Each structure stands twice: as structure tokens, then as C-alpha cells.
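Colleague: quick one: sequence and predicted model below, then my questions.
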Amino acid sequence: MLTAYTSDQIRAAEAALMAKLPEGTLMERAAAGLAVVCAGALGTVYGSRVVVLAGGGDNGGDALYAGARLAARGARVHAVLAGARVHEGGLAALRRAGGRVTDLGGAAGETPADPAGGGTADLARDSATDSARGSGKGSGQGLGKGSVQGPGKGSVRDPAKGPAVGAGVRRLLDGADLVVDGLVGIGGTGALREPYATLARLAAEGPATVVAVDVPSGVDASTGRVDGPAVRADVTVTFGARKIGLLADPGAARAGRVELVDIGLGPYLPDPGASALTDADVALMLPRPGVESDKYRRGVVGVAAGSHRYTGAAVLAVGGAVRAGAGMVRYAGPAEPVAQVRARWPEVVITPLEPGEGIGEVGRVQAWVLGPGLGTGPEALAVARSVLASDVPVLVDADGLTLVAENRSLLRRSAPVLITPHAGELSRLLDVPRSRIEARRVEYARRAADELGVTTLLKGSTTVVAEDERPVRINLTGSSWLATAGTGDVLAGVAGALLAAGLGPYDAASCAAYLHGLAGRNGPVSAWDVLSGVPGAVREVMDRLGEDDGAAKLER
Ligand SMILES: NC(=O)C1=CN([C@@H]2O[C@H](COP(=O)(O)OP(=O)(O)OC[C@H]3O[C@@H](n4cnc5c(N)ncnc54)[C@H](OP(=O)(O)O)[C@@H]3O)[C@@H](O)[C@H]2O)[C@@H](O)CC1
Ligand SMILES: [K+]
């Protein structure tokens, strides 16, 4: 299981650890790990051109110390100081190692011309621009170790705009082999201000490999939220523990490969704010039939899906449940999808429903999948009411979500409910704009679980599973290939099979998302391809566990 934390959780753990160590130890560990990853990204350190973007906090300190290490190995390191203050120790170390500095925010009290050659005139122009800088917002408070205070020389500028980023800095970034993003780490709040925002944008657009320090600047470390320009890193070197924003989109898409540097935080970490399953976790949770198994013990799934207009959704949802290894699948629906399901899945037990009829006595079912292609009219509502009136877990998807958005009281039941919306469906359920949900996936998955009293699987660029008082589960197997019609119906069927097999909604949802992602990873894929890939995905994760250590734990 991978674990991830909010900024506050990391800070609390760091404070506890720091109290036991000489000052500067953690930053030294962080910078050493960072420099190793940077060196690996460069290949050849000697003679390479490295630009360090350093903000005014400890994130900038990490970057400057790592820059010093690279400079000591022969890299041509140039730091661009963005803040009105700077980590003094890091700056001094960089200078000692021969690194150069351009000071945009006034932190170092000087703005040298570019001694690296080639950009002197431009940097002189930067200096001229910079001489108009003022105090900015930073006032040196809160750092506690070795910061110097801005402002530099010069007259007061408009703090809302910040100092301009001149052509010299742009040229530096264009000519760099590696950019180290030490603008903002877990201390970042809100959208990046200038000149951080411009530097982040230039780094993201430029040709150099970008290594982000702790988190890509502009990404909210606790949630993955991105509210404006943000660095787009090739690698993010994160310290002590993963931050949630590195696993959840849109932040995750900005982070590139995530390298975790151990700084000794482990014993001080609380329960994680988020987690992500691995093959082994899924294999241990998945039901594996034993000698005692029969179809009922393996789980009977009921599927209430499809309509005379949408027959395919029924076929796909039923198929997801069949291929995920349900003991038995029962299908209840109108004549048209019944004919389709019967033709595709002869193993399914079918109950045709008359218009307006609820599910009635269909026989034993251990979990229901409700909603794909069901329609939203009175006939669909009758089916939804009858399914939600049962006393077994119900997964509500697609049209089922539209129905419950208009009839919230349907969700008041004692057996579990798992909802599987995409951002658009959740926007209707929570009455929040879709774009806001897409930018804050973790937050809104949690809110849905909380407000609606259900387990929520929020589908999309990163699938997130939220349940009250549990860490958010972030799925790491997803792929953009899955964004194609019908894949959601398959996912509903897979999760339904796992619910029926006895997994709680939180585990069923996260295992289903995991398998579904594996099944669809080699695109382009159709929903039918994903369906067909599910048994292979199940086998793949199970094969990762040795038969010996798996068998005892997995027998149900
Ligand atoms: N603690 C430890 O033991 C260890 C911590 N470590 C490292 O410390 C990092 C945390 O350092 P931190 O707390 O100094 O905060 P940090 O991320 O540098 O941000 C503060 C700076 O950003 C600025 N700023 C903020 N928001 C902004 C915005 N929207 N737009 C623009 N600027 C903005 C803010 O400016 P201000 O508001 O003060 O003007 C201030 O200058 C952590 O991520 C890790 O890298 C490692 O060394 C391991 C040991
Ligand atoms: K950063």
C-alpha cells in the first residue's frame, strides 16, 4: 500500500523529528537525495547547465543546497531567486561552490550581471527591471533559520504584479539542461504570485528536464489542486512521505515520476490521509474460490440496467460482473436489453420486467448494480426505488445517479451505497460546477461521501474512492484510454461482483478501479476490450502473490 499525506500531517511529523536532530539535518538529507536524483536526470553532471528556481522558503533552501552539490561536481549552476527573502545557508553554500545568482525579488540584496557569459546584457536589463522591485510580501518571518530579509535596493513596486522576469532569465531557462523547481513546497498557499507564476510557466514550457522539489510549484500538496500556472515536472523528489497532491490529478499529472527520499520521518507519521493500492494489496483482497465455494458463496450480483433505448449498457454492466468472477449474475430489465443480455451472456439468470414494475422477487442477490442505461423516467424510478429498498449493498451509477440526485431520500437506507459518478454526475449531485470538481477531485469525493452518507468512487483522470473516516484511496492504474463510451458500465459490473463477493464498498470500489485500469491500460481500447481484459487483470495481480503465501490469506 502506498501512503500519502497532507501538508499539515507532514509538518507535524517533521516537527517531531526535527526536535530530536541537530538543526539543518533534515534539509541536508533532503538536499543530498535531491542532488542524487538531479545527477541521475542529467547523466553527466560536469559541464551541464542547471538553473535553480528558488523561492523564499525552505523549499528554495533544499534546491540551493542541491544546486551547491551539483556545482561542486562541475555543473554550471545558476540560481534565480524569486522571493523577497531567501534561505541564507543555501545561498551561501551555492556561492561557495561557484554557483551564480540572479535576484528577482530582492532577497540577496544584489543583482549580479550574468557571469556565465552570453546573457550579460540581458541580465543587465533584468537588473534594471529588478531595480524597480520593492518589498513584496515576504518579510522574513517564519523561516527561523538563516533567511535574509528583503527588500533589495530600489523603489517600491506594485506587490500584486511582482518583479518582472526579464529576457536574461528566459534565456537561462531556454539554455538549461536541468531546471530545479524550488519555488514553493508544502508551504505554498493559493495560486502562485508573480514572479513565481511566470517562472513556473516558463519552466513548464521550456526544453529542460524539470525536477520539482517536494511538489511541483503551483500544485496544492494536500489535495492536488491547481489554481493557476504550475510547474510540469519530469521528476518530483519528495521528502519523508508522498503528498496527496502527487497522486491525485490535476497535481499528479504535473508531478511526473515521483521519487521518495527517506529523511527518517516514518516513525512520526500519523495514519495517512490517502493511500493507493498495489498489486499485492488487491490480490490479498480479491476473493479466490476455494474447495468449499459455490455460486452463492462467490456472490450473486443483480444488475438493474438498460432500457429499450440503451441496451448496450446492460450488456456491458452484466459483462463486467461476469468477467470479474461473480458466482452468478441476475439481470432484471425490459424486453430489449433482456434479448441482448441473453444473446451475449447465456450464463446470466434473467428476470424480464414489465414497464413500471420494480424488481420484485428475483431470487437471492448479494449486491445490486443500479443505473447504467436505465433511463430517468417513471419506469426507471420504479426500478430504482425497488432496488434501493432491498437490504443488500447497492452500487448506483449513471442514470441511477440522476434519479437519486432528484430523489435524495432514496439514499437513506441501512445497507451500504456505493456511488460511481464522473465529475459531471457529481456536479449534479452536489450542485457544484463540474470544472471545480475536476480541479479538486479529492476534496469533492470526500464531500460527496460526507454529505450523502455513501461511499464515493469519483471516476476520471484520477479515480478517487472516499468513505467516511477512511483515507481517500487513489487509483494509480488508470489511463486516458479508458475515457471511452461504456467503460463506466464495465466498471460498475466489476465493482458489483466484488460487493456481492463480500468486499465492503470501499475495498470493492478501489479494487474494481484498479483492475479496470489494468484491463484498459494498453490503448486504444473499447469498452468491450476492457471487459475482455478483466480476467487477465485479475490473474495478473494474483500471480504476483506466491501461491503459498496467498492461499491461506485469500481463502474465504
Ligand atoms: N520542515 C522540514 O523539516 C523540512 C522541509 N523541507 C522543505 O521545506 C519545504 C517547506 O518549506 P517552508 O515551510 O519554508 O515553505 P515553502 O514550501 O518553501 O513555501 C514558503 C515560501 O513560498 C512562498 N509562497 C507561498 N505560497 C506562495 C504563492 N502562492 N505564490 C508565491 N509564493 C508563495 C512564501 O512566500 P511568502 O508568503 O513568505 O511571501 C515562502 O517564501 C518543504 O516543501 C520541503 O521542500 C525539507 O528540507 C525537509 C525538511
Ligand atoms: K517545488
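Modeller: Yep, that arrived. Numbers count the residues shown, from 1 in each chain. Ligands and ions are numbered 1, 2, ... in the order given.
Colleague: stretch 55-75 near ligand 1 anywhere?
Modeller: Yes - counting by CB under 6 Å from any ligand atom, ligand 1 is contacted by stretch 55-75 at 55-60, 62. C-beta: built from backbone N, CA, C; applies to glycine.
Colleague: for the residue lying closest to Leu202 once chain neighbours are set aside, give its distance to ligand 2.
Modeller: With CB to CB, 6 or more residues apart in numbering as the criterion, Leu202 has its nearest non-adjacent residue at 5.1 Å, and that residue is Leu173. In this view, Leu173 and ligand 2 are 15 Å apart by CB to the ion, to the nearest Å.
Colleague: tell me which two of the residues of stretch 55-75 next to ligand 1 sit farthest apart.
Modeller: Within the residues of stretch 55-75 next to ligand 1, Gly56 and Asp62 form the most distant pair, 12.7 Å apart (CB to CB).
Colleague: next, count neighbours for the residue nearest to Pro250 when sequence neighbours are not counted.
Modeller: In space, and not counting its chain neighbours, Pro250 is closest to Val226: 4.6 Å by CB to CB, 6+ apart. For Val226, the neighbour count with other CB atoms under 10 Å is 21.
Colleague: so what's the residue nearest to Leu202 up against?
Modeller: The contact partners of Leu173, by CB atoms under 8 Å, 6 or more residues apart in numbering, come to 51, 179, 202-203, 206, 208.
Colleague: got the contact list for the closest residue to ligand 1 within the stretch 251-400 of the chain?
Modeller: As assessed by CB to the nearest ligand atom, ligand 1 sits closest to Ile263 within the stretch 251-400 of the chain, at 5.7 Å. Ile263 is in contact with 17, 26, 29-30, 33, 239-240, counting by CB under 8 Å, 6+ apart.
Colleague: shouldn't it be within a strand?
Modeller: No - counting by DSSP: H, G, I helix; E, B strand; the rest coil, Ile263 is not found in a strand; it is coil.
Colleague: returning to that earlier point: which SS class is the residue nearest to Leu202?
Modeller: Per three-state DSSP, Leu173 ends up helix.
Colleague: which bits of this protein sit near ligand 2?
Modeller: Neighbours of ligand 2 within the chain, by CB under 5 Å from the ion: 181, 212-213, 217.
Colleague: before we move on, back to that, with the contacts of Leu173 in mind, which one is nearest to ligand 2?
Modeller: Ala203 (10.0 Å; CB to the ion).
Colleague: leaving aside the residues next to it on the chain, what's closest to that closest one?
Modeller: Per CB to CB, 6+ apart, closest to Ala203 is Val179, 4.9 Å.
Colleague: mind listing the residues bridging to that neighbour?
Modeller: Beta-bridge partners recorded for Val179 (DSSP bridges): Val51, Val210.
Colleague: show me the shaky parts of the chain.
Modeller: 110-161, 546-556 (pLDDT under 70).
Colleague: any idea how it splits into domains?
Modeller: Domain ranges of the chain: 2-17+48-275, 279-554, per automatic domain parsing.
Colleague: next up, phi/psi of Leu2, please.
Modeller: Phi and psi for Leu2, reported as degrees, to the nearest 10, are phi -90, psi 140.
Colleague: which residues touch the residue nearest to it when sequence neighbours are not counted?
Modeller: Leaving aside its sequence neighbours, Leu2 sits nearest to Ala276 (CB to CB, 6+ apart; 4.2 Å). By CB under 8 Å, 6+ apart, the contact set of Ala276 is 1-2, 4, 247, 473-476.
Colleague: give me the buried entries from these.
Modeller: Buried by 16 or more other CB atoms under 10 Å: 2, 4, 247, 473-476, out of those.
Colleague: stretch 435-448: end-to-end distance?
Modeller: Terminal residues of stretch 435-448 are spaced 16 Å apart (CA to CA, to the nearest Å).
Colleague: list the contacts of it.
Modeller: By CB under 8 Å, 6+ apart, stretch 435-448 touches 223-227, 244, 248-250, 274, 419, 421, 423, 426-427, 429-430, 432, 454, 456-458, 460-462, 464-466, 472, 474.
Colleague: next one: stretch 66-73
Modeller: With CB under 8 Å, 6+ apart as the test, stretch 66-73 has contacts from 31-32, 34-35, 38-39, 42, 45-46, 48, 50, 52, 77, 79, 90, 93-94, 96-99, 180, 182, 213.
Colleague: 7 Å - rerun?
Modeller: For stretch 66-73, contacts defined as CB atoms under 7 Å, 6 or more residues apart in numbering pick out 31, 34-35, 38-39, 45-46, 50, 52, 77, 79, 93-94, 96-99, 180.
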